[in-house]
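# Just need the structure, nothing else, for what follows:
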Amino acid sequence: MGLLAGSLAAPALVLARVRPLRIGVVGSWSGPYAGGGRQFDAGMAVWLAAHNHHIAGRPVELLRRDVPGSAPDQARRHAQDLVESEQVDLLSGLDFSSNAYAVGAVATQARVPLVVMNAASSGITSRCPFAVRVSFTIAQVTLPLARWALQQGLRDVCTVVADYASGVDAESAFVSGFTAGGGRVGAMLRVPLATLDYSAYMLRLRELKPQAVFFFLPSGKMPAGFLKFWRDRGMADTGIRLLATGDATDDHYLEGIGELADGLVTSHHYSFAHESPANRRFTGVFETEYGSHLRPGYFAVAAHDALAAVDAAMSSPAARGNAGGERLVDAFRGLRLDSPRGPVEIDAHTRDIVQTVYIRRVERRDGRWINREFERFERVRGPGV
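Next comes the predicted model:
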């Protein structure tokens, strides 16, 4: 009897001792971009609540490190501490590409997988062999907008972008796509990050009188400021059309800027208003947990999908329960998920996201501002992939 009792108790004892999966999450939880950290938290919480707070049978520990904004040296130090002192199994988060490159170098040296939840510079996965991206790239969501603009008969545009890596990426992608289709770019204007006064840019655009203006500014205050100047300087009355990526109308901020963005056409990979069973479940749980004051944006859906991807990769035969190194990175290759944004996959060669990019228009529906999707480009890869 004693032997039998001991053998029955052993599996329970083993289960009790399953080592938690420790994930280091680097992002902004303070400063002007703190909303991104809250979105990361909420998206992960929704996925964990639906899966008993386990990934591949292991309890999950999230170790957060606050890096407010673009601060690669600080991001690197936190990543090194997470790897060396906390002995995390994976690194994740990353809102700014500059931080992702820094953390990617740490991940490569330590041979720890890095799952990127937002940073959108095209070169991240090529420069970091241990990185997997579940978010998007700037070029990936910008090129379809250039193609759509050409389909609408637009042939003369100007661009306005924030003068940093992602802004330059957006400018390059839009200009290359637009000119390849026979379009002309009259001027490429770059504005410093945190610009508050767009008067000079509005004057220049009024002088040039293009058919349309494409702009890229990071989510938050900059798009709202630009749109307010556009309205207050009467730019809409000039007949110039305005186009942007979805960073300008991030669902997290849209209720606050909706009237300024009314009718704005954007391109992106996720909208709170996306019509699918998976998104209805996601937004329903999100609203139950957080109420209507916190709406899921593309940060939240990427954080949700990051944990879903880790679970699928670790549960696959390729990983064989091994959370570390090349084996887990290889398990992500070719992975497919039914995301709240639509079907997504991880490219087997580049470890980058492949997904649908939607053309949307800002509208008011049932008293709420939304990005209504009305056209799509399916299975879009990053340029050159």
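
# Gly167 is in contact with Leu217, isn't it?
Yes. Gly167 is within contact range of Leu217, at 7.5 Å (criterion: Cβ atoms under 8 Å). Bear in mind the C-beta positions are built from the backbone N, C-alpha and C, glycine included.

# what sits in contact with each of those two?
Val161 (Cβ atoms under 8 Å, 6 or more residues apart in numbering).

# who's more crowded, these two?
Taking neighbours as other Cβ atoms under 10 Å, Gly167 and Leu217 compare with Leu217 leading, 26 against 23.

# residues contacting that one?
Leu217 neighbours (Cβ under 8 Å, 6+ apart): 160-162, 167, 191, 223, 226, 244, 247-248.

# Over to Arg58?
Taking Cβ under 8 Å, 6+ apart, one finds 18-21 in contact with Arg58.

# Counting only helices, which of these make the cut?
Judged by DSSP state H, the contacts of Arg58 include no members of helices.

# most surrounded residue in the residues you listed?
Tallying neighbours with other Cβ under 10 Å puts Leu21 at the head of those, with 22 neighbours.

# Could you measure from that one over to Val310?
As for Leu21, its distance to Val310 is 8 Å (criterion: Cβ to Cβ, to the nearest Å).

# okay, and the common contacts of these two?
55-56, 90.

# Keep only those of the residues you listed that are in strands.
55, 90 (DSSP state E).

# Would you mind putting the shared contacts of Leu21 and Val310 into TSV with neighbour count and pLDDT alongside?
As requested, these are arranged in TSV below (neighbours: other Cβ atoms under 10 Å; pLDDT from 0 to 100):
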residue	neighbour count	pLDDT
Ile55	25	96
Ala56	17	94
Leu90	25	97
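
# just for this structure, where's the confidence low?
Along the chain, segments meeting pLDDT under 70 span 1-16, 321-324, 384-385.

# The same query, at a cut-off of 50, please.
1-16, 385 (pLDDT under 50).

# all helices of it, in order?
For the chain, the helices defined by DSSP H cover 2-16, 34-50, 72-84, 97-110, 124-127, 138-151, 165-180, 199-208, 221-232, 251-261, 277-290, 298-315, 325-332.

# still on that earlier bit, of the shared contacts of Leu21 and Val310, closest to Val329?
For these, the closest approach to Val329 (Cβ to Cβ) belongs to Leu90, at 10.2 Å.

# these two touch, right, the closest one and Gly24?
Yes. Using Cβ under 8 Å, Leu90 is in contact with Gly24, at 7.2 Å.

# and the nearest residue to Cys128 once chain neighbours are set aside, how many residues sit next to it?
Nearest residue to Cys128, sequence neighbours excluded (Cβ to Cβ, 6 or more residues apart in numbering): Gly104, at 3.2 Å. By the criterion of other Cβ under 10 Å, Gly104 has 27 neighbours.

# and Gly104, what does it touch?
Going by Cβ under 8 Å, 6+ apart, Gly104 touches 114, 124, 127-128, 130-131.

# give me that answer again for 10 Å
75-76, 79, 91, 94, 97, 114, 116, 119, 123-125, 127-131 (Cβ atoms under 10 Å, 6 or more residues apart in numbering).

# cool, and Ala319?
56, 310, 312-313, 327-332.

# Considering those, which possesses the most neighbours?
Val310 (29 neighbours).
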